[in-house]
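*Asks:* Have a look at this fold, sequence not included:
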């Protein structure tokens, strides 16, 4: 083979090698730009702004009971106190997501994250959960009701400034959490679910 | 300007012509049974809901609204209907109908001549259609035609039938009824009725519950002598007038009939919970709440139709995603008299598998909403449409709970539950959600998949609805 043709072929091979590697590199970079890498979502997207030296205070968390009547049961935890109701509320939700320490049922799926939580001047707490709260929910009307009132009661019972709770999923009003209970309106505290007495309490007049 | 007005009028007329309207019923006689199908008028055409017809005739079919076909099988014969197509295919032969096959309000509808042109060639049984266009006989005897003739200078009414027939004759006040049971009859007309002043009217009343010829007599008729002439296939009637020709005031009231017609159920929606990617509770292996709910809903539909003789519609017929708003809109638009949603439970505890009935409840704005339920408020926000039916829903939930306690909850006396359920709160009719058992209980996971248990659930809920019906139908 003449030498100039050999050089030409080697040059072409090099060019195509550089071209192919550039193409793959470009594709990778576009991929990264379009879909940022999924990081495991922490319970709190924005950690509560509390001082680690702030005094601890006891709170009563509501978890679904594992007993047959499926009511809510109270479990005590410690959180760091704060002057801002939203910061205390964030810690309460994080504790709820982390689950019961006394073998009660999960209030929310463990994969759930809290995207944002704020409290309005009128006492409405807006709790914005990630979609796992809905997509990983085990389903069933009773479990759904228990999940909702675990959140609602845990907030209204422990943070004086919160009187009603609106649950959002991924920043938007959701129809339901698992197909039954209306999430389009805020919920007020309902302690009837924690009162013992079988089914009679569930059919008490609204 | 004139052109615009004309154009607008034309558009309005076309739109009005295209809006489906409910226009009476079409009665089908089959074997020892009969069923009234609602007739739908679209423009000049009259349509019938074909799936209801096939189910009544027990004809196997498969359908897909999304692909747009219905296939009917009868022995070796096949009939294929395509959406918006004027032609149907019977065993590879094309048959043209007078109007295209349509899907209206999620229902397959066919023009009336589908019966005589297409179904007649597919079925082994003969189909006879009444001249009135309001009834048909499938397989059975042909229609017995009745004609009325007044003879003997207006004194005698003769009802002549085209074939031997026997009727149960009843007389209540000024109303004479010839009831024919399940024999298909047709009234073809009368002659000389104007010469008989003692007869006010003759009419054929046909529905799922009645099949009778009704002769209304004038007020001055004390009684009517009715004779059956079996050899001549005829009935004759002669009036015995009151001595005084003046009508007595009390004769104008008809003791056999209530002053106002009772209000009747005509439509029930059965909703299978979840569907499509929303699988509901995982029950076992690849079985989910959506599958079980659909299987029970189908059985409940049959149980209700059989027991009550009312049209029952499923909110979803297959495994499709359906939003809660779509379910609500469909039931409200169809003006359903009742709504039952089927779900399976998940109590988070693996020992009890009790079933519960739920009615709606609101968690907020109680003070402002309290007035909605009263008669003073004219308008109800759509998401609170249930408020006006809530008292009935609670009675229905109680009926369902009592029956479930007996048949499914081992005789316990559990109360029904109230819950802020999105689906129920916007329904404008008595509505309950039924949650069956507990998916965490291993025994229940097996049991709920069995046909026998699903039939038991359907029969239990249907029995409750049957008990609720007389309470609700006479408000």
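*Replies:* The structure has been received and is ready for your questions. Predicted model, so just to flag it, every value in this text is computed and none were measured.

*Asks:* So residue B:188: helix, strand or coil?
*Replies:* strand (DSSP: H, G, I helix; E, B strand; the rest coil).

*Asks:* check contacts around the residue in the stretch 101-250 of chain B positioned nearest to chain A.
*Replies:* Relative to chain A, the nearest point of the stretch 101-250 of chain B is residue B:106 (20.7 Å; CB to the nearest CB). C-beta here means a position set from N, CA and C on the backbone, and glycine is covered the same way. Neighbouring residues of residue B:106 by CB atoms under 8 Å, 6 or more residues apart in numbering or on different chains: B:65, B:330.

*Asks:* what are the phi and psi values for it?
*Replies:* When read as degrees, to the nearest 10, the backbone of residue B:106 gives phi 70, psi 20.

*Asks:* Next one: it from residue B:389, what distance?
*Replies:* Using CB to CB, to the nearest Å, residue B:106 is found at 23 Å from residue B:389.

*Asks:* on that earlier part again, got the confidence number for the residue of the stretch 101-250 of chain B closest to chain A?
*Replies:* Looking at residue B:106, its pLDDT stands at 82.

*Asks:* mind checking the SS state of the residue of chain B found nearest chain A?
*Replies:* Scanning chain B for proximity to chain A using CB to the nearest CB identifies residue B:346 as nearest, at 2.6 Å. Of the three states, residue B:346 takes coil according to three-state DSSP.

*Asks:* Give me the distance between the two termini of stretch B:415-432.
*Replies:* Length of stretch B:415-432, first residue to last, CA to CA, to the nearest Å: 14 Å.

*Asks:* Please say whether there is contact between it and chain A.
*Replies:* Yes: Stretch B:415-432 lies within reach of chain A by CB under 8 Å from any CB of the partner chain, at B:415, B:416, B:417, B:418, B:419, B:420, B:421, B:422, B:423, B:425.

*Asks:* Any regions of chain A where pLDDT drops low?
*Replies:* Applying pLDDT under 70 to chain A flags the ranges A:35-46, A:68-70, A:194-206.

*Asks:* all helices for it, in order.
*Replies:* Ranges of helices within chain A are A:3-34, A:85-98, A:132-135, A:141-158, based on DSSP state H.

*Asks:* Relative to chain B, which of these is closest?
*Replies:* Closest to chain B of these is helix A:141-158 (CB to the nearest CB; 5.3 Å).

*Asks:* Which residue does chain A have closest to chain B?
*Replies:* residue A:140 (2.6 Å).

*Asks:* doesn't residue A:178 make contact with that residue?
*Replies:* Yes: Residue A:140 lies in contact with residue A:178 (CB atoms under 8 Å); the separation is 7.1 Å.

*Asks:* circling back: for the residues of stretch B:415-432 next to chain A, which one is nearest residue B:60?
*Replies:* Of all the residues of stretch B:415-432 next to chain A, residue B:60 sits closest to residue B:423, with 32.0 Å by CB to CB.

*Asks:* Please state the offset of the helix or strand hosting the closest one from the chain centre?
*Replies:* Assigned by DSSP states H and E, residue B:423 belongs to helix B:422-425. When distances are taken as CA atoms, centre = their mean, to the nearest Å, helix B:422-425 is centred 24 Å away from the chain's centroid.

*Asks:* repeat for stretch B:395-402
*Replies:* With CA atoms, centre = their mean as the basis, stretch B:395-402 stands 22 Å off its chain's centre.

*Asks:* Show me which residues of that stretch are buried.
*Replies:* B:395, B:396, B:397, B:398, B:399, B:400, B:401, B:402 (16 or more other CB atoms under 10 Å in any protein chain shown).

*Asks:* need the contact list for residue B:330.
*Replies:* B:105, B:106, B:269, B:313, B:315.

*Asks:* ok, now with 10 Å
*Replies:* By CB atoms under 10 Å, 6 or more residues apart in numbering or on different chains, residue B:330 lies in contact with B:105, B:106, B:269, B:271, B:313, B:315, B:316, B:322, B:336, B:339.

*Asks:* Which member of the residues you listed exhibits the greatest number of neighbouring residues?
*Replies:* For the contacts of residue B:330, counting by other CB atoms under 10 Å in any protein chain shown, the largest number of neighbours falls to residue B:339: 30 neighbours.

*Asks:* And for that one, nearest residue in space, chain neighbours not counted?
*Replies:* Of all residues beyond its chain neighbours, the one nearest residue B:339 is residue B:431 (3.8 Å), with distances taken as CB to CB, 6 or more residues apart in numbering or on different chains.

*Asks:* again, but for residue B:424
*Replies:* residue B:360 (3.8 Å).

*Asks:* re earlier: deepest-packed of the helices of chain A, please.
*Replies:* Comparing these by mean neighbour count (mean count of other CB atoms under 10 Å in any protein chain shown), helix A:141-158 comes out on top with a mean of 24.

*Asks:* ok, for residue B:154, nearest residue in space, not its chain neighbours?
*Replies:* residue B:195 (3.9 Å).

*Asks:* What is the neighbour count of that neighbour?
*Replies:* The tally of other residues near residue B:195 (other CB under 10 Å) stands at 12.

*Asks:* quick one: pLDDT of it?
*Replies:* Residue B:195 carries a pLDDT score of 77 in this model.

*Asks:* OK, contacts around it?
*Replies:* Per CB under 10 Å, 6+ apart, neighbours of residue B:195: B:150, B:151, B:153, B:154, B:155.

*Asks:* Rebuild the residues you listed as a markdown table, extending it with secondary structure.
*Replies:* A markdown table is the format used below for the contacts of residue B:195 (three-state DSSP):
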| residue | secondary structure |
| --- | --- |
| B:150 | strand |
| B:151 | strand |
| B:153 | coil |
| B:154 | coil |
| B:155 | coil |
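
*Asks:* ok now do residue 147, which residues does it touch?
*Replies:* No chain specified, so I'll use chain A. A:64, A:96, A:105-109, A:112, A:133-134, A:137-138, A:167, A:177-178, A:181.

*Asks:* could you do chain B instead?
*Replies:* B:158, B:159, B:160, B:161, B:162, B:186, B:187, B:188, B:189, B:190, B:191, B:234.

*Asks:* and it, what are its bridge partners?
*Replies:* Judged by DSSP bridges, the bridge partners of residue B:147 are residue B:160, residue B:189.

*Asks:* Nearest to the spatial middle of chain A, which residue is it?
*Replies:* residue A:113 (2.7 Å; CA atoms, centre = their mean).

*Asks:* Phi first, then psi, for that one.
*Replies:* phi -120, psi 150.

*Asks:* Go ahead and confirm it touches residue A:132.
*Replies:* Yes: counting by CB atoms under 10 Å, residue A:132 is a contact partner of residue A:113 at 6.9 Å.

*Asks:* gap between the two ends of stretch A:50-59?
*Replies:* With CA to CA as the measure, the first residue of stretch A:50-59 is 16 Å from its last.

*Asks:* likewise stretch B:78-98?
*Replies:* Terminal-residue distance, stretch B:78-98 (CA to CA): 20 Å.

*Asks:* can you check stretch B:77-91 too?
*Replies:* Start-to-end span of stretch B:77-91 (CA to CA) is 6 Å.

*Asks:* So what touches that stretch?
*Replies:* The contact list for stretch B:77-91 (CB under 10 Å, 6+ apart) reads B:50, B:54, B:59, B:61, B:63-73, B:76, B:92-103, B:108, B:110-111, B:114, B:117-124.
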